[in-house]
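> below is the structure, and that's it, no one-letter string:
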């Protein structure tokens, strides 16, 4: 089978590797550079600039920690150079295109836009047409074998705003509309690490199915939300119950404890823990 994958971002890369391991002949098309928007224009450079913004923000609170000095100013040219450096560094270290070719995947970069002629044919710059048994647009995210399943509900997302926010799974309203669910929140003002860092605005919300005790969704607003949501996503993917999550001994003090503390509240609400074990810490 010949497979063409359009778009060499993370989704297209994953699809190409999976298709090749299923013994398909694979051609990966990318209009610009391998890595797609994710590496080249989106999260990598944006997160680098968000880091600059966060450092300036933190400088505004120096005096509360006994520090003094002039608040830094931003040299935008240097900041943008740093963002471009991060993109180059990721490419140099990961060697993504070379790694794909080592997997015997044909990679075509810088081809410009591709357009469909029919369900099995695309046209690219220069009038060249490419045919395949299957054409996959990168947003499809994966090529699945008969023994595989793709859990679309466990796809965490977030944004590096201030404050950050992130989510995975169902919202509270979505869950309540279809299932008997339990909801618990742990606020950052009661989270030791947030108090230590003086980032007390925020919360972690967990939504669980009352019958099975597994998570249906998680939502975090506040510092390091995009990091915390990965923990919740792994718990969901592993189908851990709220009791199992609550019993994990997380390091203290950390932002990740917000997940455990919210799970403790859920376990208490569902009468899964004796009162002595459900105290906040």
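Ah, there it is. Predicted model, so just to flag it, every value in this text is computed and none were measured.
> going forward, measure contacts between C-alpha atoms and count neighbours the same way
Fine.
> residue 1 and residue 257: what is the separation?
Residue 1 sits 48 Å away from residue 257, taking Cα to Cα, to the nearest Å as the criterion.
> of these two, which one has the most company?
Neighbours were counted for residue 1 and for residue 257 using other Cα atoms under 10 Å; residue 257 has more, 23 against 12.
> surely the more buried one meets residue 250?
Yes - judged on Cα atoms under 8 Å, residue 257 makes contact with residue 250 at a distance of 6.1 Å.
> show the contacting residues for residue 255.
Residues in contact with residue 255 (Cα atoms under 8 Å, 6 or more residues apart in numbering) are 191, 193-194, 224, 228.
> can I see the domain layout of the chain?
2-140, 157-277 (automatic domain parsing).
> could I get these in a markdown table, plus columns for mean pLDDT?
Listed next are the domains of the chain as a markdown table, based on pLDDT from 0 to 100:
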| stretch | mean pLDDT |
| --- | --- |
| domain 2-140 | 91 |
| domain 157-277 | 94 |
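> can you tell me which of those domains is packed in deepest?
domain 157-277 (a mean of 19; mean count of other Cα atoms under 10 Å).
> where does that domain sit relative to the chain's centre, distance-wise?
16 Å (Cα atoms, centre = their mean, to the nearest Å).
> number the residues from 17 up from this point.
Yes, from this point I'll number from 17; that puts the last item at domain 173-293.
> can you show me the strands along the stretch 67-216 of the chain?
Secondary structure of the stretch 67-216 of the chain by DSSP state E, counting those that start in this stretch: the strands cover 122-124, 131-134, 137-139, 145-147, 150-153, 173-175, 181-185, 197-203.
> so which of those strands gets nearest residue 66?
strand 173-175 (10.1 Å; Cα to Cα).
> other SSEs contacting the closest one?
For strand 173-175, the elements it packs on are strand 181-185, helix 241-253, judged by 3 or more Cα pairs under 8 Å, 6 or more residues apart in numbering; DSSP states H and E.
> strands paired with that strand, and their directions?
strand 181-185 (antiparallel) (DSSP bridges).
> and the partner strand with helix 241-253, angle?
10 degrees (axes from the mean of the first three to the mean of the last three Cα atoms, to 10 degrees).
> quick check on the residue nearest to residue 256 when sequence neighbours are not counted: phi, psi?
In this structure, residue 256 finds its nearest non-sequential neighbour in residue 230, 6.0 Å apart by Cα to Cα, 6 or more residues apart in numbering. Here is the backbone geometry of residue 230 (degrees, to the nearest 10): phi -90, psi 160.
> determine the longest helix present in the chain.
Of all the segments of type helix in the chain, defined by DSSP state H, the longest one is helix 92-110.
> now distance to residue 85 too, for the helices and strands packed on strand 173-175, in JSON lines please.
Formatted as JSON lines, these follow (distance: least, Cα to Cα, whole Å):
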{"stretch": "strand 181-185", "distance to residue 85": "31"}
{"stretch": "helix 241-253", "distance to residue 85": "30"}
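> what's the closest of the ones you listed to residue 117?
Closest of these to residue 117 is helix 241-253, at 29.9 Å (criterion: Cα to Cα).
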